[in-house]
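Engineer: mind looking at a prediction? Sequence and model below.
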Amino acid sequence: MNPEIRVDRLLGEASRLLVRSLDATEARAEAEILLSATLGRARSWLFAFADAEVDAELAHQFRTLCERRAQGEPIAYLLGHREFWGMRLEVNACTLIPRHDTERLVELALERLPTDRPCQVLDLGTGSGAIALALASERPRARVLATDRSEGALEVARRNARALGLANVECVQSDWFDEVPRGLRFDLIVSNPPYIAEGDPHLGQGDCRHEPLSALVADAQGLSDLQTLVAQAPQWLTPGAWLLLEHGWDQAAAVRALLGASGLIDVASWQDLAGVDRVSGGRSAGD
Ligand code: GLN
């Protein structure tokens with residue numbers, strides 16, 4: 001009997017390690033999440049069997065995960081998944097970790113998608129596929145084209161689509177619109193592009209430190225990819241169709257100006273849960 005590797009002892013030790021970089025509640029919660037994942041048990045099992053002795057090899061694996069977490073590796077990468085829109089999505093270091101803020105973009109998109117007829121949707125820079133898969137799951141009659149420049153990200157998006165049984169999503173490697181089949185037109189275009197300015201202190205904090213810079217950072221104070229998307233999107237929209245873009249907390253006015261200058265109408269911004277302008281969009285006036 002080795003009391004050092006009892007469930008309660010391991011959780012206590014891990015909480016004390018993680019509390020150096022997290023608050024006490026988070027540290028305890030993450031210790032429980034990592035131990036339940038290591039053991040393949042529900043979190044509630046940890047309370048029911050607090051005095052159970054853990055297999056030595058599994059205890060070692062758990063301690064290694066906690067060390068990596070204490071060094072700042074995102075818990076989503078350690079677990080290999082993150083929840084978004086009620087779906088468990090695989091994520092890895094090729095993909096941004098989906099944020100709850102982005103669920104606002106999904107809500108706004110769903111308000112604009114028909115429930116009763118087929119439609120074409122384009123998600124540019126899909127990463128793990130979060131937005132595309134959320135829309136495809138809510139609108140089975142929609143056909144969603146999801147693109148990314150990163151083949152590594154697309155592999156994750158494809159696995160997520162398969163795991164969720166969503167056959168109405170197609171993943172294509174493309175630098176923004178470059179490989180989108182000519183002649184296609186979309187009833188909605190969405191994107192959560194990179195929009196953080198190079199050198200922004202936010203990049204040195206939390207999960208961002210381990211996420212692909214190509215998914216986070218853009219030139220021109222973070223606006224260069226937003227500029228490209230707004231400049232090119234209008235020609236791909238059906239008459240009346242919306243373009244919706246996520247952006248940084250201080251970019252709404254700049255993005256609205258771009259949307260207006262590209263000829264889109266009904267240009268507006270919407271707030272995330274924190275009350276920050278997070279999504280802006282406009283719709284095609286038609287021919
Ligand atoms: N919203 C993310 C963050 O602030 C960044 C996402 C993005 O660049 N598209 O960490």
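Structural biologist: Yep, it's here. Numbering: from 1, shown residues only.

Engineer: chain neighbours aside, what residue packs nearest to residue 267?
Structural biologist: residue 282 (4.0 Å; C-beta to C-beta, 6 or more residues apart in numbering). (Glycine included, C-beta is placed from N, CA and C.)

Engineer: was I right to think that neighbour contacts residue 269?
Structural biologist: No - counting by C-beta atoms under 8 Å, residue 282 stays clear of residue 269, with 10.2 Å between them.

Engineer: those two: who's more crowded?
Structural biologist: Counted by other C-beta atoms under 10 Å, residue 282 and residue 269 do not tie: residue 282 has more neighbours, with 25 against 18.

Engineer: and the residue nearest to residue 267, helix, strand or coil?
Structural biologist: strand (DSSP: H, G, I helix; E, B strand; the rest coil).

Engineer: which residues in the protein form helices?
Structural biologist: When assigned using DSSP state H, the helices of the chain occupy the ranges 7-18, 24-39, 43-48, 56-70, 75-79, 102-111, 130-138, 151-163, 213-216, 219-222, 224-232, 252-261.

Engineer: just to revisit the earlier point, joint contacts of residue 282 and residue 269?
Structural biologist: Common neighbours of residue 282 and residue 269, using C-beta atoms under 8 Å, 6 or more residues apart in numbering, are residue 256.

Engineer: so what's the residue most central in space within the chain up against?
Structural biologist: When C-alpha atoms, centre = their mean is applied to the chain, the residue found nearest the centroid is residue 98 (1.8 Å). By C-beta under 8 Å, 6+ apart, the contact set of residue 98 is 82, 84, 89, 91, 127, 128, 130.

Engineer: give me the pLDDT value at the residue of the stretch 1-150 of the chain found nearest the ligand.
Structural biologist: Proximity to the ligand, evaluated over the stretch 1-150 of the chain using C-beta to the nearest ligand atom, is greatest for residue 99 at 5.2 Å. Predicted confidence (pLDDT) for residue 99: 97.

Engineer: need the phi and psi values for it.
Structural biologist: Phi and psi for residue 99, reported as degrees, to the nearest 10, are phi -100, psi 150.

Engineer: on that earlier part again, just the helices of the chain: most buried one?
Structural biologist: Most buried of the helices of the chain by mean neighbour count (mean count of other C-beta atoms under 10 Å) is helix 130-138; its value is a mean of 26.

Engineer: what's that helix packed up against?
Structural biologist: Applying 3 or more C-beta pairs under 8 Å, 6 or more residues apart in numbering; DSSP states H and E, one finds that helix 130-138 contacts strand 87-90, helix 102-111, strand 119-124, strand 142-148, helix 151-163, strand 169-173, strand 186-191.
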